[in-house]
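need a 3D model of the sequence below.
(2 chains)
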Amino acid sequence: MEREREELERTWAHEKGWRRLLMETDHKLIAKRYIVTAFVFFLFGGIEAALMRIQLSRPDNHFLSPDKYNQIFTVHGTTMMFLFAVPIMTALGIYLVPLMIGARDVAYPRLNLYGYWVYLIGGLLLYTGFVLNTGPDAGWFAYVPLSGPGFSPGKRVDIWAQMITFTEISGLVGAIVIIGTVFKMRAPGMTLNRLPLFVWAQLVTSFMIIFAMPAVMLASSFLASDRLIDTHFFNPAEGGDAILYQHLFWFFGHPEVYIIFIPALGFISSIVAAFARTKIFGYTAMVLSLIATGFIGFGLWVHHMFATPIPQMGQSFFTAASMIITIPTGVQIFCWIATLWHGKLNIKTPLLFVFGFFAIFIIGGLTGVMLAAVPLDLQIHDTFFVVAHLHYVLIGGSVFPLFGAFYYWVPKWTGRMLSETLGRWSFALMFIGFNLVFFPMHQLGLSGMPRRVYTYLPESGWGTLNLIASIGAFVLAGGVLAFIVNFLWALRAGAIAGDNPWAADTLEWSVSSPPPPYNFHNVPVVQGRYALWESTPDAPVIRGLSTSKRETLVTSVLDAEPELRFEIPGPSIWPFMVALATGVTFIVGIFTPWAFLVGAILTGAALACWFFADPNYENRPAREHPERSRPVSPPAGLQPKEV
Amino acid sequence: MKQGGGTNRIKLAFVALGATVFLCSCGGGIQSSTNPAGPNAASLSRLWWLMFWVTAAVYVLVMIAVFIAIRKGTRKSDLNPVLNLPPETETSRRNAVLSAVIVTVVILFVFLIYSYSTGRALTADLGQKNGLSIEVTGHQWWWEARYNDVDASNMFTTANEIHIPVGVPVLFTLRGADVIHSFWVPNLAGKKDLIPGKVSTMWLQADKPGVYRGQCAEYCGLQHARMAFWIVAEPQEQFNAWRQNATQGAVPPSTDSQRYGQQVFLSATCVMCHAINGTPAGSNIGPNLTHVGSRNTIAAATLSNTREHLTRWIVDSQQFKPGNRMPANNIGQKELDALVDYLQSLK
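Below is the predicted model:
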């Protein structure tokens, strides 16, 4: 047994030095990199937000020039949506999904690595442009004609359009990786109706990404070609159409909100189960709600366009859809409350963030219902009321659960517990700060303050509420800072977490913290929806996977019946090379269309090498079902540890 | 009791939140959607208050449920997971969730019907509104308004200050000249986008005389923040008088200084962009200045129309509105004084 473990350690050992950086495909390593990178972009986006709040803290302020302000709000929105929210949600999935379903890695580890590099290149492109005073300035939505060649000369909007391309590629890659992993790599016994709600949320999100992202790639590519090679897709003077762009953008843009929000619903289900010490009420209703949200989310996009000349009858359809989507979200909230009602609450920081979610997100959801009503939307659309609404939804609905998830899973990732005291401080500061910033914005919007204005007149009477909001921004920042301090402190001095500090139910808590590179010594056999709570002491495990090759078990889609042993591709330099070639193509493509010719050859060559130059693995079907044997370790204790 | 401390802190946070709600009592103002001055905005305001009170009640109820759940949950001692609850508990939970969902559906249905009928009332008889018709074109970053009339000699163009008669529906035809803008006067009506290549229409009506501020609501570039306008609602006779005056050409200069000012205007770069009816100046790139002296503000409702502002605006408009399309003008003090005299005389 010990010899086996040593051999596994050797087989799955990470590469060293620069090879580890560029080539290693361990999903946990890539996910951690994703999380840290996305968090750094979150901090950049936060600094931009603070600069905007300083500028708006009083009327006629001259802290930022209009040009700087417009670049900053564009880069803030773009960063938060494309470089922070979507990637970090995917990243948590990439880290946790294989561990939750009992797999040794993700389905396409090299593709996964490629996704990270492309994402990083996109982010660096945006920020290189920004520090060189070439940051995009046409809004994160870049409406034509303002973003077109006539009204945005220079390269600012091109940088935006290509950054979209990069992040969309990486988003699609992440989605494919997660879908492949969830469908084919679950441990035996984990049938689809035993799938943890977290994994369901990631699965639904991934499908949404696959259907939503192509629309925005079309929009940004048409825009880029209008700018680069005069295609006139969106130029009304040449028969193009400005509204078409809005349809394409929002056909992606609204599902995007759910792409950010649905994974957070997964975090909440995990946290509520672990800290209410009971099963989530209404598993089937929860899963169906997630799927329903995924579908209905595609039927709302026109509610961003109610002020355009679209006939009222047509708009009513989107009003109805926008209201209907309240129902699946409502079902989930009611189910969580019903769960808490009969739970035994272990009130720790992650649960506090869930309470914060209830208090904040529900306000955002209710103002969302208001925005769905066409006539009312015409008054509050594009005002600070919408700024308030979207931050209540996105920060309340995603960032609060995300911080809850950090407090919940950091012990698994680092092996160290975060401090509860600092955790409560960070929650309190974030909660109070958030409401100070964004609550007054509802009133600002109702009293007529439009969005995206770099200043306002003293006579407007908007000064006081803006000042309150600006002060709140720094309280909120204090909360985030408290988390960072907590994290850095915990890395050095936090209490040792052990395998399962929260006595939680999902499989990732059955392995050491941090998990070994191969995740599971013996792939477990799952006996219930709450794998660890419902496993019997004599639960069988899977034996017979190779210890000298990186092997995992492939199972059937519905019932997770073992099908074959699969050798997972290992480290390779080619994903990085293909990412570089992609980067050259699109970045040079900002300046000359020839880049696409040269880039296609470069990328093609690198892809050929990826496929043919390095075949160090092969598929090997299992001749018979892997043998089963007795478990090696007793189940973990079911009482959370006192920290 | 560590756990009790947690709940207390949460309670405190909620109290703070509630206090903020009350502090933000709804104010009035000249650019406020909750202070309606016409039937269009008033019906939207009714819809707003209905939705506000219903959703506020929903929020309070859900939060109460969360509180009760937290209180019940924290009384338990051991933390072993509960895997099986008695069947009657399951049934009662299912009924509770189901009834909450049904209530949600009913509320949403009421909202949908009310919203749809409000919307229909606003757009249904658009064609039959037989009042005034004004064509507004959005430019980066100012508003052009053309008053239509069956008699072409009664048509005229002005900028950034739109006079309307009280108690009469006014039909607006909206166009975008360059990029997308959005026409919005919160006290009178909801907003409508001005999109290049499209024509949109809306109507509004002021029931009380007064001035109402409007502002561009769709991000339109560098000076989006400084693209505002005024709606001046006045009794019919007063409006007729204003309109009568507006259809006339500019008053001829009457003093030496004004005459010199007109010469300066016609010989300097001003005529490249601005029109003054009754003079050779006829360009439509910038605002029409035929009656600029009668307006209350300049620079798209950014500056009050005082002699000092006008002077400084002509010399260097960029200091007030960086990026606007009007270049700096390097003209002598004497010419400048005369030019301002002339412009101010254009009542």
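
ok, now which ones touch B:P81?
With contact taken as C-beta atoms under 8 Å, 6 or more residues apart in numbering or on different chains, B:P81 is in contact with A:R277, A:T278, A:A503, A:D505, A:Y530, A:W533, A:L638. All C-beta atoms are positioned from the backbone trio N, CA, C, and that covers glycine.

correction: the previous question concerned B:G197.
B:G197 is in contact with A:P236, A:A237, A:D241, A:A242, B:G176, counting by C-beta under 8 Å, 6+ apart.

for B:R312, same thing?
Residues in contact with B:R312, defined by C-beta under 8 Å, 6+ apart, are B:Q319, B:F320.

after the helix or strand harbouring it, which helix or strand is next?
Secondary structure assignment for B:R312, by DSSP states H and E: helix B:307-315. Using DSSP H and E, the helix or strand that directly follows helix B:307-315 along the chain is helix B:333-345.

please indicate which of the contacts of B:G197 are buried?
Neighbour counting with 16 or more other C-beta atoms under 10 Å in any protein chain shown marks A:P236, A:D241, A:A242, B:G176 as buried within these.

how near is the last one to B:P287?
What it means is B:G176. In this structure, B:G176 and B:P287 are 16 Å apart, going by C-beta to C-beta, to the nearest Å.

and the residue in the stretch 301-450 of chain A positioned nearest to chain B, backbone torsions?
Sorted by distance to chain B under C-beta to the nearest C-beta, the residues of the stretch 301-450 of chain A start with A:L378, at 2.5 Å. Backbone torsions of A:L378, given as degrees, to the nearest 10, read phi -60, psi -30.

wait, it touches A:T308, no?
No: between A:L378 and A:T308 there is no contact under C-beta atoms under 8 Å: 10.9 Å.

quick one, which of those two is more surrounded?
In terms of neighbours (other C-beta atoms under 10 Å in any protein chain shown), A:L378 is the more surrounded of A:L378 and A:T308; the figures are 24 against 21.

list the buried residues in the helix or strand harbouring A:Q443.
Under the assignment given by DSSP H and E, the secondary-structure element containing A:Q443 is helix A:420-446. Taking 16+ other C-beta under 10 Å as the basis for neighbour counts, the residues of helix A:420-446 that come out buried are A:420, A:422-446.

please see if whichever helix or strand comes after it touches chain B.
From helix A:420-446 onward toward the C-terminus, using DSSP H and E, the following helix or strand is helix A:463-493. Yes: if you take C-beta under 8 Å from any C-beta of the partner chain as the test, helix A:463-493 does meet chain B, through A:L465.

circling back: filter the buried residues of helix A:420-446 down to the ones close to chain B.
The subset of those within reach of chain B, by C-beta under 8 Å from any C-beta, is A:E420, A:R424, A:A428, A:F431, A:I432, A:N435, A:L436, A:F439, A:P440, A:H442, A:Q443, A:L446.

report the contact partners of the nearest residue to A:P514 once chain neighbours are set aside.
By the measure of C-beta to C-beta, 6 or more residues apart in numbering or on different chains, the closest residue to A:P514 outside its immediate chain neighbours is A:G415, 5.2 Å from it. With contact taken as C-beta under 8 Å, 6+ apart, A:G415 is in contact with A:I496, A:A497, A:S512, A:S513, A:P514.

among those residues, which ones are buried?
The buried subset of those - by 16+ other C-beta under 10 Å - is A:A497, A:S513.

would a markdown table of the contacts of B:G197 with pLDDT, distance to A:I337 and secondary structure be doable?
Listed next are those as a markdown table, based on pLDDT from 0 to 100; distance: C-beta to C-beta, whole Å; DSSP: H, G, I helix; E, B strand; the rest coil:
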| residue | pLDDT | distance to A:I337 | secondary structure |
| --- | --- | --- | --- |
| A:P236 | 88 | 50 | helix |
| A:A237 | 86 | 55 | helix |
| A:D241 | 92 | 46 | coil |
| A:A242 | 92 | 45 | helix |
| B:G176 | 93 | 47 | strand |
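
pipe these into CSV and attach distance to A:V386 per row.
Conversion of the contacts of B:G197 to CSV gives the following (distance: C-beta to C-beta, whole Å):
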residue, distance to A:V386
A:P236, 26
A:A237, 31
A:D241, 25
A:A242, 21
B:G176, 21
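
and of those, the nearest to A:T90?
If you rank these by distance to A:T90 using C-beta to C-beta, A:A242 comes first, at 31.9 Å.

the closest one contacts A:F234, correct?
Yes: taking contact to mean C-beta under 8 Å, the distance of 5.8 Å between A:A242 and A:F234 places them in contact.

so what sits against both of these two?
Counting by C-beta under 8 Å, 6+ apart, the contacts common to A:A242 and A:F234 are A:V144, A:P145.

what's the local residue count around whatever residue of the stretch 451-600 of chain A ends up closest to chain B?
The nearest approach of the stretch 451-600 of chain A to chain B comes at A:V453, 3.5 Å away (C-beta to the nearest C-beta). The local packing of A:V453 (other C-beta under 10 Å) involves 25 other residues.

residue contacts, it?
Taking C-beta under 8 Å, 6+ apart as the contact definition, A:V453 lies against B:H224, B:A225.

between the buried ones among the contacts of B:G197, which is closest to A:Q162?
For the buried ones among the contacts of B:G197, the closest approach to A:Q162 (C-beta to C-beta) belongs to A:A242, at 21.5 Å.

quick one: the strands in the chain?
Picked chain A for this. For chain A, the strands defined by DSSP state E occupy A:523-524, A:541-542, A:551-555, A:562-567, A:619-620, A:628-629.

you answered for a different chain; I wanted chain B.
Going by DSSP E, chain B shows strands at B:132-139, B:142-147, B:156-159, B:161-165, B:170-176, B:181-183, B:192-194, B:200-204, B:210-215, B:228-234, B:297-298, B:303-304.
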